[in-house]
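Trainee: need the 3D shape of this:
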Amino acid sequence: MPQLTFLFLAFSAGVVLAYWLIPPDWRSVFLAISGSVFLACLDSVSFVILCLLTVIVFFHARKPATGTGHHLVVPGLLLLLCAARLTPLIRTQWRMAHLVVLLGLGFYLLKLIHYWIEMRANSFRPHRFLDFYNFMIFFPTVTIGPIHRFEDFLRSARRNRWNAQMFAYGLERILYGYVKVIVIANWLIALQMLTLVSKWQPVPAGFSIVLDSLVFGLHLYFTFAGYSDIAIGLSLLLGYQMCENFNHPFLKSNIGKFWQSWHMSLSAWCRQYVFLPCFAKWRNLPIALVATMAAIGLWHEFSIRFLLWGLYHGFGILIWRWYQSRLLPKLPHFENRIWKWAGTTLSIGLTFSFVILGFTIPRSSSFMEIVRNFQSIIGL
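Mentor: Here you go, the predicted model:
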């Protein structure tokens, strides 16, 4: 990732310094140029695709809703997202190294869909193309998220002022981010923890699979949470407030709270544009929940393993909701603080175990390997 290079740090420092030195009227233009240079230098093909899609969606959203073209925009963007998520899988399975992986496509396609739907609903205040272009190509978030909303970005742009307290907090978040990625994820987990796990060999196959999933899950969390901190911190240095992406998900006491705290911007997007439409159409909570979690799984990769991972969590949420509404009221309630603490600790442990076991699914290369891994875990 470019965020781990000195060149990225030097570029970011130069952009932040120049941004606050130039006249305020030129800052939006400068931000657009900076984001364009950043993505074009990283991947010129990704930059061209993003620019084309940005222009098409912005101007097409303002046309009268006549003909079939308007009905094809969202399906077309979703098909492009599916193709992008299939590309790494195709390249791995068929060794087609020439296939292009577009940087940031999974993030900015969801932002385009959000913008299109809300524009058709007249949800936004009047704005310029430059405002929308900056929203799409904002360099701290264009490749790693979070998936912020246009109205929030526009509000930050119009309230953009130098704020020393915000600037200091931005530096703090960037520091936290690099500690999470470099120290915790890459050194402590990927190096030290893996070394420790390897010393326990040989161990039962099921236990080894669980340990690998534990390392995978912790490394994924601290890496992604760290990158999110860096993106949020850089945004604060420029006077923009981005939405949070993680809120200590592994310390949550049930799977519902976990998904309210893990990749929060993606969860919020899917709640708005998958769950609510599905529930409005079918009036069936289980179908809407499972469809939403399946969409979250397929967003990561358009494959059976990630579909199953999403369904795993979807049915986990349904079981938790059944327990909460049907079984929990029949159980004895304890007022003693020690018993409450013990119950909360047990809930956190069970939720953590459920999530870690779930990482066995995307780590597997095929459906049969998923079956074999879970057979080993349960000792069959």
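Trainee: mean confidence (pLDDT) on the helix or strand harbouring Phe354, please.
Mentor: Per DSSP states H and E, Phe354 falls inside helix 337-358. For helix 337-358, mean pLDDT is 89.
Trainee: show me what that helix is packed against.
Mentor: helix 205-237, helix 255-259, helix 304-322 (3 or more Cβ pairs under 8 Å, 6 or more residues apart in numbering; DSSP states H and E). From N, CA and C alone the C-beta is placed, and that goes for glycine too.
Trainee: what would these look like in a markdown table with mean pLDDT and distance to Leu42?
Mentor: Below are the helices and strands packed on helix 337-358 laid out as a markdown table (pLDDT from 0 to 100; distance: least, Cβ to Cβ, whole Å):
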| stretch | mean pLDDT | distance to Leu42 |
| --- | --- | --- |
| helix 205-237 | 92 | 15 |
| helix 255-259 | 94 | 31 |
| helix 304-322 | 93 | 25 |
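Trainee: Cys82: which of those is closest?
Mentor: Of all the helices and strands packed on helix 337-358, helix 304-322 sits nearest to Cys82, with 11.7 Å by Cβ to Cβ.
Trainee: for the closest one, list the C-alpha coordinates in PDB.
Mentor: This file holds the C-alpha atoms of helix 304-322, laid out as PDB (Å, rounded to 0.1, in the frame of the first residue of the first chain):
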ATOM      1  CA  ILE A 304     -18.700 -18.700  -3.300                       C
ATOM      2  CA  ARG A 305     -16.400 -18.400  -0.300                       C
ATOM      3  CA  PHE A 306     -17.200 -14.800   0.400                       C
ATOM      4  CA  LEU A 307     -20.900 -15.400  -0.300                       C
ATOM      5  CA  LEU A 308     -20.800 -18.200   2.300                       C
ATOM      6  CA  TRP A 309     -18.900 -15.900   4.700                       C
ATOM      7  CA  GLY A 310     -21.600 -13.300   4.400                       C
ATOM      8  CA  LEU A 311     -24.400 -15.900   4.800                       C
ATOM      9  CA  TYR A 312     -22.600 -17.300   7.900                       C
ATOM     10  CA  HIS A 313     -22.800 -13.900   9.500                       C
ATOM     11  CA  GLY A 314     -26.300 -13.300   8.300                       C
ATOM     12  CA  PHE A 315     -27.600 -16.500   9.900                       C
ATOM     13  CA  GLY A 316     -25.500 -15.700  13.000                       C
ATOM     14  CA  ILE A 317     -27.400 -12.400  13.300                       C
ATOM     15  CA  LEU A 318     -30.800 -14.200  12.900                       C
ATOM     16  CA  ILE A 319     -29.900 -16.700  15.600                       C
ATOM     17  CA  TRP A 320     -28.800 -13.900  17.900                       C
ATOM     18  CA  ARG A 321     -32.100 -12.000  17.300                       C
ATOM     19  CA  TRP A 322     -34.100 -15.200  18.000                       C
END
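Trainee: before I go, just wanted to say thanks for your time.
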